[in-house]
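K.L.:
model this:
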Amino acid sequence: MRKLIVQQLDYDLTPVAGLALVGHYLKAVQPVLARLDKALPLKTGVANSDIVRSYLGLLVQGKSDFDAIENFRSDAFFKQALGIGLLPSSPTLRQRLDAKASAMFESVPQMIETLLGSQRPDYGVLPCGWLPLDVDTFSMDNGGTAKEGVGRTYAGVDGYCPLAAYLGSHGFCLELALRPGEQHSASETDFNLQRIV
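P.N.:
As a prediction, the model looks like this:
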């Protein structure tokens with residue numbers, strides 16, 4: 001067996017280098033984030049755009065709990081890659097999203113439209129020239145939890161019944177509406193389709 005050599009590097013390594021790509025795309029939606037800060041002004045503290053950037057940085061890593069932000073408090077790369085001016089603490093992140101999430105949510109369609117419009121990705125047009133839009137519900141099994149909105153789904157499990165919309169044959173996610181498990185799959189579909197279109 002070959003001998004292992006362990007040495008200290010003069011620079012930091014990060015397991016989340018892919019955040020640089022996320023930060024690149026966040027630059028494309030900067031005008032929408034600036035409008036968000038103007039629409040929800042603050043006197044002091046963490047800007048709402050930094051709240052969005054920070055939580056998005058967690059979500060793209062598969063982390064959805066607010067406390068996960070504490071692992072990045074001293075991570076300069078996390079802040080730099082995502083363009084975060086002031087990283088929120090977990091209580092600040094939780095309180096701000098509890099108070100302002102619905103207002104922030106109104107900016108999401110603008111962000112998606114701006115991002116997809118500026119990047120011009122290959123959506124995956126069908127050979128006939130049409131661009132498919134797949135919309136469907138599915139059940140999420142959250143049995144054994146006491147989360148708000150968990151109910152008996154059409155699939156016979158306790159959980160949620162989200163509605164997902166994917167654009168093109170490459171599957172660009174336009175909408176993923178988390179809906180209560182007991183909600184009928186056709187309920188509020190008109191509202192979701194209007195948002196998607």
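K.L.:
So which residues of this protein form strands?
P.N.:
Using DSSP state E, the strands of the chain run over 133-137, 140-141, 151-152, 158-160, 163-167, 172-177.
K.L.:
comparing these, which gets the lowest mean pLDDT score?
P.N.:
Looking at these, the lowest mean pLDDT belongs to strand 172-177 (a mean of 85).
K.L.:
Determine which of the strands of the chain approaches residue 193 most closely.
P.N.:
strand 133-137 (7.0 Å; CB to CB). Where you see a C-beta, it was placed from the backbone N, CA and C, and this is true even at glycine.
K.L.:
Buried residues of that closest one, list them for me.
P.N.:
Buried residues in strand 133-137, defined by neighbour count with 16 or more other CB atoms under 10 Å: residue 137.
K.L.:
So which elements touch it?
P.N.:
Applying 3 or more CB pairs under 8 Å, 6 or more residues apart in numbering; DSSP states H and E, we find strand 133-137 packed against strand 163-167, helix 189-196.
K.L.:
Would you mind splitting the chain into its domains for me?
P.N.:
Using the TED database, the domain ranges for the chain come out as 18-119, 133-195.
K.L.:
so where's this protein shaky on pLDDT?
P.N.:
Residues of the chain meeting the criterion pLDDT under 70: 1.
K.L.:
For the residue nearest to residue 181 when sequence neighbours are not counted, the count of nearby residues, please.
P.N.:
Among residues not flanking residue 181 along the chain, residue 151 sits closest, at 3.5 Å (CB to CB, 6 or more residues apart in numbering). Residues lying near residue 151 (other CB atoms under 10 Å) number 14.
K.L.:
residue contacts, residue 151?
P.N.:
Residues near residue 151 by CB atoms under 8 Å, 6 or more residues apart in numbering: 158, 159, 180, 181, 182, 183.
K.L.:
Filter those residues down to the buried ones and hand me the PyMOL line.
P.N.:
Buried residues within the contacts of residue 151, by 16+ other CB under 10 Å, are selected in PyMOL with:
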select buried, resi 158+159+181+183
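K.L.:
okay if I get the contacts of residue 151 as JSON lines plus distance to residue 126?
P.N.:
Shown next, in JSON lines, are the contacts of residue 151 (distance: CB to CB, whole Å):
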{"residue": "158", "distance to residue 126": "37"}
{"residue": "159", "distance to residue 126": "33"}
{"residue": "180", "distance to residue 126": "34"}
{"residue": "181", "distance to residue 126": "33"}
{"residue": "182", "distance to residue 126": "36"}
{"residue": "183", "distance to residue 126": "31"}
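K.L.:
Most widely separated two among the contacts of residue 151?
P.N.:
So, the contacts of residue 151 by CB to CB: farthest apart are 158 and 183, at 13.4 Å.
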